[in-house]
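J.: Dropping a prediction and its sequence here:
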Amino acid sequence: MAYQFSQDSEKRFQRLIPQFPSKRSLILPCLFLLQADKGFVDKEGMQYIADRIGDPISLAHVHGVATFYTMYNKKPVGKFHIQICGNISCYLSGSDSITEHVCSKLGIEAGETTKDKKFTVDEVQCLGACGFGPVAQINDKYYENLTPEKIEAIISELEKQV
Amino acid sequence: MGLKTLLTTHIASPDSHTLNHYRSVGGYESQKKALTEMTAEQIVNDVKNSGLRGRGGAGFPTGNKWGFIPKTDKPKYLICNGDEGEPGTFKDRLLIEKFPHMLIEGMVIAAKAIDSHQGYIYIRGEFHKGIRIVEEAVEEAYKAGLLGKNILGLGYDFDLAVYSGAGAYICGEESALINSLEGRRGHPRLKPPFPAVSGLYACPTVVNNVETFCNVPHIIRITGDEYKKIGTEKSPGTRLFAVSGHVKKPGIYEVEMGTPMKELVYDICGGIKNDKTLKAVIPGGSSSPILNAEEVMTATMDYESIASLKSMLGSGAVIVLSEEADLVETTYRLAEFYSHESCGQCTPCREGTHWVKDLLHKIKIGEGTEKDVELIFSLSRNMEGGTTICPLADACVMAVRPTMTKFKGEFSARLKKEVSISH
């Protein structure tokens, strides 16, 4: 069956419509709904968004928007997406050792996903939590003032949840 | 001078984000005053009198910005820029999570000032917690009649919606943010026309930072004239400084403008981590030119003092670097940031930021030469001063060139064959 918004996403979509005078403004929020449903944004989902918004929005436009922004996953990611900030303040607080530790524990390089699809690790630019570095974002949650021991414990805890 | 709370007075209260708490400490009284006792012109004049300058980075006088909105029948839009993304900057997240109602109140007052009936709070997408808190606060405000149709029964309508960014630093630039809100790539627009004339949906639009809006209820409460007595003559008010890097107590501190930088670093933040020597401070977010230790001792935290040192107060993000900091590495990381975040519209920025980053990488790993240093300076001249639509390329230059000039020895020491490289 072709993709369509989940029941929850459909509800959210309906609530979004009256907030904007132009339907084009719905593209970014719709891409988040698609990602919430599927875990990443794919061509089928983007075509669906273009069709739902209409007015006339092409797949090319939706694709152009999706590829501009870093928060839309263009390919599937692991159940836990570990994003470690490597920019100046986190670097000064020792973020390199966190990235190295996570990669070595999971046996992958930054940018890769573990074979069992549980974890994806990415080094990202500033997460806006510079006073509490090193910082990692795992799915929707921030983990601050990290040490190799702390991140090790967090990963062990997440492994239990899988 | 020193620590002074205006916005963060009730920071210690665990429920400071709730409507109940906010109202219990006098919240929404300024909104009531603005909607019942003041005309739009009086609000604009009060904010002009206060001398409030935008807290996002550019420091433009807020009242003047509001005054540019033309009197037309077109809808006027009000946008809060909560797309905090400049390395070193993390102050707006605190306001968003702890004082969402202060932000909403400030926006309603600003809405009346410019005759806007629709506003958006654009928050960087990574701030999931903040987005949820603001959404809940907006819902609370609607239920209490503080937003929506006929606010407080006074006949004024203002709707407010929360919009999540999707991970693009450039969307902090106001015209890129507007494009993003319109469902496009976050490409900055050519100006003029400025957003005040043609912004969101080609209508007059005001975009202000989170901290700027949060100041507004306080200005209305105590009056612009009283507000102006805080801080310095040309930089009135308090400022939230986000301090990170090599200090003992990094964090967000609200201080009176004009506080000596030395006091902020040594007294308020506890001094340099591991009791090392101070090497430098980046005073206003990663794009503000670096100050050496000598300059830090003379600087005060206000727009004029930092400008006299050829830098900027910018977003109020203070990054402290001790003798342990490797400035070649930090400069490379900043160039990497700007090359990653260039939107790609303008060649000097798209190509220049990447080129500078690659050259700094060469220097970092000990493969660079004097020619590479010269090339960075030559590229910098072609990336600044209006060669691009927005100032991202200029920001990259400001993050790189002053450091390479002031700390020349550190870069020279890394050039090929001069020293052994441990990386």
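T.: Happy to help now that I have it.

J.: Next, the buried residues of the worst-scoring helix or strand of chain A on mean pLDDT.
T.: In chain A, no helix or strand scores lower on mean pLDDT, DSSP states H and E than helix A:148-161, which sits at a mean of 93. Across helix A:148-161, burial judged by 16 or more other C-beta atoms under 10 Å in any protein chain shown covers A:148, A:150-151, A:154-155, A:158. For glycine as for every other residue, the C-beta is placed from the backbone atoms N, C-alpha and C.

J.: looking just at contacts, which helices and strands does it meet?
T.: Judged by 3 or more C-beta pairs under 8 Å, 6 or more residues apart in numbering or on different chains; DSSP states H and E, helix A:148-161 is in contact with helix A:95-106, strand A:136-138, strand A:141-143.

J.: Pick the most deeply packed of these.
T.: strand A:136-138 (a mean of 21; mean count of other C-beta atoms under 10 Å in any protein chain shown).

J.: follow-up on the earlier one: what's next to the least confident helix or strand of chain A, contact-wise?
T.: Contact partners of helix A:148-161, identified using C-beta atoms under 8 Å, 6 or more residues apart in numbering or on different chains, comprise A:80, A:82, A:97-98, A:101-102, A:105-106, A:118-119, A:136, A:138, A:143.

J.: could you give the angle of that helix to helix A:95-106?
T.: Interaxial angle of helix A:148-161 relative to helix A:95-106 (axes from the mean of the first three to the mean of the last three C-alpha atoms, to 10 degrees): 40 degrees.

J.: then helix A:148-161 to PDB, C-alphas only?
T.: Extracted as PDB, the C-alpha positions of helix A:148-161 are listed here (Å, rounded to 0.1, in the frame of the first residue of the first chain):
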ATOM      1  CA  PRO A 148      33.900   8.600  28.100                       C
ATOM      2  CA  GLU A 149      32.600   6.800  31.200                       C
ATOM      3  CA  LYS A 150      29.200   8.700  31.100                       C
ATOM      4  CA  ILE A 151      28.700   8.000  27.300                       C
ATOM      5  CA  GLU A 152      29.700   4.300  27.900                       C
ATOM      6  CA  ALA A 153      27.000   4.000  30.600                       C
ATOM      7  CA  ILE A 154      24.400   5.700  28.400                       C
ATOM      8  CA  ILE A 155      25.100   3.400  25.400                       C
ATOM      9  CA  SER A 156      24.900   0.300  27.700                       C
ATOM     10  CA  GLU A 157      21.500   1.600  29.000                       C
ATOM     11  CA  LEU A 158      20.300   2.100  25.400                       C
ATOM     12  CA  GLU A 159      21.400  -1.400  24.400                       C
ATOM     13  CA  LYS A 160      19.100  -2.800  27.000                       C
ATOM     14  CA  GLN A 161      16.200  -0.900  25.600                       C
END
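
J.: ok, which stretches of chain A are helices?
T.: A:7-16, A:27-38, A:43-53, A:59-68, A:88-92, A:95-106, A:148-161 (DSSP state H).

J.: where exactly do the helices run in the stretch 51-200 of chain B?
T.: B:62-67, B:91-98, B:100-114, B:128-143, B:174-181 (DSSP state H, counting those that start in this stretch).

J.: which residues touch the residue nearest to B:F68 when sequence neighbours are not counted?
T.: Leaving out its chain neighbours, the residue that sits closest to B:F68 by C-beta to C-beta, 6 or more residues apart in numbering or on different chains is B:A196, at 3.9 Å. Counting by C-beta under 8 Å, 6+ apart, B:A196 touches B:65, B:68-70, B:204-206.

J.: what about 7 Å?
T.: For B:A196, the contact set (C-beta atoms under 7 Å, 6 or more residues apart in numbering or on different chains) comprises B:65, B:68-69, B:204-206.

J.: For the closest residue to B:T330 other than its chain neighbours, grab the count of nearby residues.
T.: Nearest residue to B:T330, sequence neighbours excluded (C-beta to C-beta, 6+ apart): A:I88, at 5.4 Å. Here the number of neighbours of A:I88 (other C-beta atoms under 10 Å in any protein chain shown) works out to 29.

J.: State the distance from A:I88 to B:A399.
T.: 9 Å (C-beta to C-beta, to the nearest Å).

J.: what do those two both touch?
T.: Residues within reach of A:I88 and of B:A399 at once, by C-beta under 7 Å, 6+ apart, are B:286, B:334.

J.: Kindly list the longest helix within chain B.
T.: The residue-count maximum for a helix in chain B (DSSP H) belongs to helix B:347-364.

J.: I'd like the distance between the most centrally placed residue in chain B and B:Y227.
T.: The centroid of chain B falls nearest to B:G56 when counting by C-alpha atoms, centre = their mean (2.8 Å). Distance, B:G56 to B:Y227, by C-beta to C-beta: 19 Å.

J.: now B:L52
T.: If you go by C-beta to C-beta, the gap between B:L52 and B:Y227 works out to 7 Å.

J.: For those two, list the residues in contact with both.
T.: Counting by C-beta under 7 Å, 6+ apart, the residues touching both B:L52 and B:Y227 are B:219, B:236-237.

J.: Among those, which lie within helices?
T.: Per DSSP H, the shared contacts of B:L52 and B:Y227 map to helices at B:I219.

J.: is it possible to export the shared contacts of B:L52 and B:Y227 to CSV including neighbour count?
T.: What follows is those, written out as CSV (neighbours: other C-beta atoms under 10 Å in any protein chain shown):
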residue, neighbour count
B:I219, 28
B:P236, 23
B:G237, 26
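
J.: Show the contacting residues for B:K65.
T.: When contacts are counted by C-beta under 7 Å, 6+ apart, B:K65 touches B:196, B:206.

J.: State the distance from it to chain A.
T.: 23 Å (C-beta to the nearest C-beta, to the nearest Å).

J.: if we can go back for a sec, how about the helices of the stretch 51-200 of chain B in TSV, adding mean pLDDT?
T.: Shown next, in TSV, are those (pLDDT from 0 to 100):
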stretch	mean pLDDT
helix B:62-67	96
helix B:91-98	96
helix B:100-114	98
helix B:128-143	97
helix B:174-181	98
